[in-house]
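>>> okay, predicted coordinates and the sequence, questions at the end:
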Amino acid sequence: MNRIYLDNAATTPLDKEVLEAMLPYLTEKFGNPSSIYSYGRETRLAIENARKSVARLLNAHPGEIFFTSGGTESNNAAILSAIRDLGCRHIITSPIEHHAVLHTVEHYDHENIATCSFVKLFPDGHVDLNNLEEQLASRKERCFVSLMYANNEIGNLLDIEATGNLCKKYNAIFHSDCVQAVGHYRMDLRNTPVHFISASGHKFHGPKGAGLLYVNDNIKVEPFIFGGGQERGMRAGTENLYGIVGFAKALELAIEDLEKDSRYISSVKTYMIGKLRSNISGVQFNGDAEGQSLYTILSVSFPKTERSEMILFNLDINNICASGGSACSSGADQGSHVIRAINNDPNLVTVRFSFSKYNTKEEVDTVVEKLKELI
């Protein structure tokens, strides 16, 4: 039996066209972009063309795009910059952020560098913006707000516009982890009130190890990695040349086919919701699955029984790849902090299915049949 891959929120397969765009920079165009001779000049040009392309696709200025190793580094850099360079002394975030944000915020709180608080959530996992405003209004010190655009486990979407406007009103710095959103939605950064966003290429059929941090032109931050002049002096170290080229190509393809792909992937998700409802009694969907939700993610809870407790293991044996919440911590299986925050029911077992343009309704049929057997 072929493997059925339904864990696209963890990573996606590399698009063939992306690989083709990267290959010359893995072979004959190998120069160091900081070298002044022709080998270096052609690779420097490739990076700057990638930057222009990404800026155009996100409606940002090329000078606002800094290439990084991915979402985790970008999140860390944004939080560090806000505290060190922008005078933020209090951080407001949510209990359902990615650990790349939560653990970083906990670190600065623990070291007494900044204090932190969590915004309240509604039972469906959406952020309570009235509570965010109350918290912003009550603080004397400058605040840093870090709230993700699309949740990586339940798919809930933040009203990024309204959140940014609240931050503006209280002179707060706003960062949004957009790792699950970039490549899946059109972004218009010139007209979005946000100071930092993070993105990662491998979430939209690009290479792993390549991401970006967008830093709005209106703020000035210091280098986040020292040691060289790369990335306009902000991030030292020889650039991940083929990763950057691959990131730009993947984003270009994602935006080009966005309407078609998003329509198709939404239909697969909706189809799976229907199939699960009609085939498995007691099934529940986490977050706002059929409302303001990312079309690539479906978080499902099954009634806990002796059989369903081993569900991920049994799916794996049957060549079906899914995750129990977030894949990034699946090795240290401690259950999902996101599910705990919104639906702490010990009688449910949660599985996250996440889709890409390569999934089919036939695969969904196979998975639901298998789930019926296993549960």
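It's in.

>>> spit out the contact partners of the one residue sitting closest to the centre of the chain.
Nearest residue to the geometric centre of the chain (CA atoms, centre = their mean): V179, 2.1 Å. Listed by CB atoms under 8 Å, 6 or more residues apart in numbering, the contact set of V179 reads G71, H98, M148, N152, S198, A199, S200, K203, G211. From N, CA and C alone the C-beta is placed, and that goes for glycine too.

>>> any idea how many residues pack against G243?
24 (other CB atoms under 10 Å).

>>> from I317, how far off is the closest residue to it other than its chain neighbours?
The shortest distance from G243 to any non-neighbouring residue, by CB to CB, 6 or more residues apart in numbering, is to A210 (3.3 Å). Distance, A210 to I317, by CB to CB, to the nearest Å: 33 Å.

>>> with neighbour numbers in mind, choose between the two.
A210 (27 against 10).

>>> wait, the residue nearest to G243 sits on A248?
No: the pair A210 / A248 is not scored as a contact, 9.1 Å apart, by CB atoms under 8 Å.

>>> report all helices and strands that the helix or strand where V338 lies contacts.
Under the criterion of DSSP states H and E, V338 resides in helix 337-342. Using 3 or more CB pairs under 8 Å, 6 or more residues apart in numbering; DSSP states H and E, no helix or strand is in contact with helix 337-342.

>>> so how far is it off the chain centroid?
Offset of helix 337-342 from its chain centre (CA atoms, centre = their mean, to the nearest Å): 17 Å.

>>> which residues sit against it?
95-96, 99, 102, 121, 123-125, 151, 153-154, 286-287, 299, 301, 325-326, 350.

>>> can you get me a residue count around R139?
15.

>>> need the contact list for it.
Contacts of R139 by CB under 8 Å, 6+ apart are H90, Y170.

>>> repeat that for V215.
The neighbours of V215, taking CB under 8 Å, 6+ apart as the test, are E64, F66, A78, S81, H195, F196, V221.

>>> now do it against L86, distance only.
Going from V215 to L86 by CB to CB gives 11 Å.

>>> what kind of secondary structure is S198 in?
What DSSP: H, G, I helix; E, B strand; the rest coil gives for S198 is strand.

>>> sorry, wrong one. I was asking about S35.
S35 is classified as coil under three-state DSSP.

>>> OK, contacts around it?
So S35 contacts R41 (CB under 8 Å, 6+ apart).

>>> angles on the backbone of it, please.
phi -80, psi 150 (degrees, to the nearest 10).

>>> and if you look at S323?
Taking degrees, to the nearest 10 as the convention, S323 sits at phi -130, psi 160.

>>> okay, and the beta partners of it?
Using DSSP bridges, the beta-bridge partners of S323 come out as R352.

>>> got it, and S293?
Applying DSSP bridges to S293 gives these bridge partners: N156.

>>> pretty sure it is touching G287, no?
Yes: S293 lies in contact with G287 (CB under 8 Å); the separation is 6.3 Å.

>>> shared neighbours of the two, anything?
Counting by CB under 8 Å, 6+ apart, the shared contacts of S293 and G287 are I154, G155, N156.

>>> what about the nearest residue to N152 once chain neighbours are set aside, how many residues nearby?
Leaving aside its sequence neighbours, N152 sits nearest to Q180 (CB to CB, 6+ apart; 5.0 Å). By other CB under 10 Å, the residues close to Q180 number 28.

>>> Q180 touches N151, doesn't it?
Yes: using CB under 8 Å, Q180 makes contact with N151 at a distance of 7.2 Å.

>>> list residues touching both of those two?
Counting by CB under 8 Å, 6+ apart, the residues touching both Q180 and N151 are L294, I297.

>>> rewinding a little: which residues are common contacts for A210 and A248?
What both A210 and A248 touch, as defined by CB under 8 Å, 6+ apart, is an empty set.

>>> show me the strands in the stretch 51-200 of the chain, by range?
Ranges of strands in the stretch 51-200 of the chain, per DSSP state E, counting those that start in this stretch, are 65-68, 90-93, 115-118, 143-146, 173-177, 196-200.

>>> ok, back up a step: including distance to A254, pLDDT and neighbour count, could the contacts of V179 go into CSV?
Formatted as CSV, the contacts of V179 follow (distance: CB to CB, whole Å; pLDDT from 0 to 100; neighbours: other CB atoms under 10 Å):
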residue, distance to A254, pLDDT, neighbour count
G71, 16, 98, 28
H98, 20, 97, 25
M148, 19, 98, 29
N152, 17, 97, 28
S198, 16, 98, 31
A199, 11, 98, 29
S200, 12, 98, 29
K203, 10, 98, 30
G211, 14, 98, 28
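
>>> and which of the residues you listed is nearest E306?
E306 lies nearest to N152 out of the contacts of V179, by CB to CB, at 29.4 Å.

>>> which residues touch that closest one?
Contacts of N152 (CB under 8 Å, 6+ apart): A9, H98, V179, Q180, I297, S326.
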